[in-house]
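[1] Predicted structure and sequence below. I'll ask about it afterward.
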Amino acid sequence: MKGRMLVRGLLFLLALILLAATAEAGKNKKEKMKKDGSDCEDWRWGPCVPNSKDCGLGYREGTCKDESKKLKCKIPCNWKKKFGADCKYKFESWGGCSAQTGVKTRSGILKKALYNAQCEEIVYVTKPCSSKIKSKSKAKKGKGKD
């Protein structure tokens, strides 16, 4: 009986320690948020502006009342850059190849708009149809020893 009470007591003590540690971690996060000097909650963010060319690392400016900040950001350097880094889409599978245009198409539905971005609800992307049909068996033959 004493052994059970001791185990329960130790479990209760462990739970208290974990609770105290969690509360302290939450307090540190709040303090860090205030260390940047802002109590403002209604930030308006501009688009990500690349440091050079039209993609890559850059920054975005934000304003809230009479305060302003700059945050680091990144614009993808691939086909996604035309939507911007702040519009996240869920894309369906590629459609079949159009004989008339020679391209495949797929659509994406807006999943999330970050930093107050103005995003289109549905976007369409295309890519050229593959002229070759890749065969796994042919690809493996060429890599063997001679």
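    Cool, got the structure. Numbers count the residues shown, from 1 in each chain.
[2] After the longest strand seen in the chain, which helix or strand is next?
    Ranked by number of residues, the top strand in the chain under DSSP state E is strand 103-113. Of the helices and strands lying after strand 103-113 in sequence (DSSP states H and E), the nearest is strand 122-128.
[3] Output the contacting helices and strands for that next one.
    When contacts are defined as 3 or more C-beta pairs under 8 Å, 6 or more residues apart in numbering; DSSP states H and E, strand 122-128 packs onto strand 87-91, strand 103-113. Where you see a C-beta, it was placed from the backbone N, CA and C, and this is true even at glycine.
[4] Turn those into a markdown table, columns for distance to residue 79 and mean neighbour count.
    Formatted as a markdown table, the helices and strands packed on strand 122-128 follow (distance: least, C-beta to C-beta, whole Å; neighbours: other C-beta atoms under 10 Å):
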| stretch | distance to residue 79 | mean neighbour count |
| --- | --- | --- |
| strand 87-91 | 11 | 15 |
| strand 103-113 | 11 | 14 |
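[5] Throw the ones you listed into CSV and include mean pLDDT and distance to residue 40, thanks.
    Converted to CSV, these look like this (pLDDT from 0 to 100; distance: least, C-beta to C-beta, whole Å):
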stretch, mean pLDDT, distance to residue 40
strand 87-91, 93, 25
strand 103-113, 95, 21
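[6] Which of those strands sits closest to residue 45?
    Closest to residue 45 of the helices and strands packed on strand 122-128, according to C-beta to C-beta: strand 103-113, at 11.0 Å.
[7] can you put the helices and strands packed on strand 122-128 in JSON lines and add distance to residue 129?
    As requested, the helices and strands packed on strand 122-128 are exported to JSON lines (distance: least, C-beta to C-beta, whole Å):
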{"stretch": "strand 87-91", "distance to residue 129": "18"}
{"stretch": "strand 103-113", "distance to residue 129": "6"}
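[8] ranges for the strands of the protein?
    44-45, 49-50, 56-64, 67-75, 87-91, 103-113, 122-128.
[9] Now render these as JSON lines, adding distance to residue 97.
    JSON lines is the format used below for the strands of the chain (distance: least, C-beta to C-beta, whole Å):
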{"stretch": "strand 44-45", "distance to residue 97": "40"}
{"stretch": "strand 49-50", "distance to residue 97": "34"}
{"stretch": "strand 56-64", "distance to residue 97": "32"}
{"stretch": "strand 67-75", "distance to residue 97": "30"}
{"stretch": "strand 87-91", "distance to residue 97": "17"}
{"stretch": "strand 103-113", "distance to residue 97": "5"}
{"stretch": "strand 122-128", "distance to residue 97": "9"}
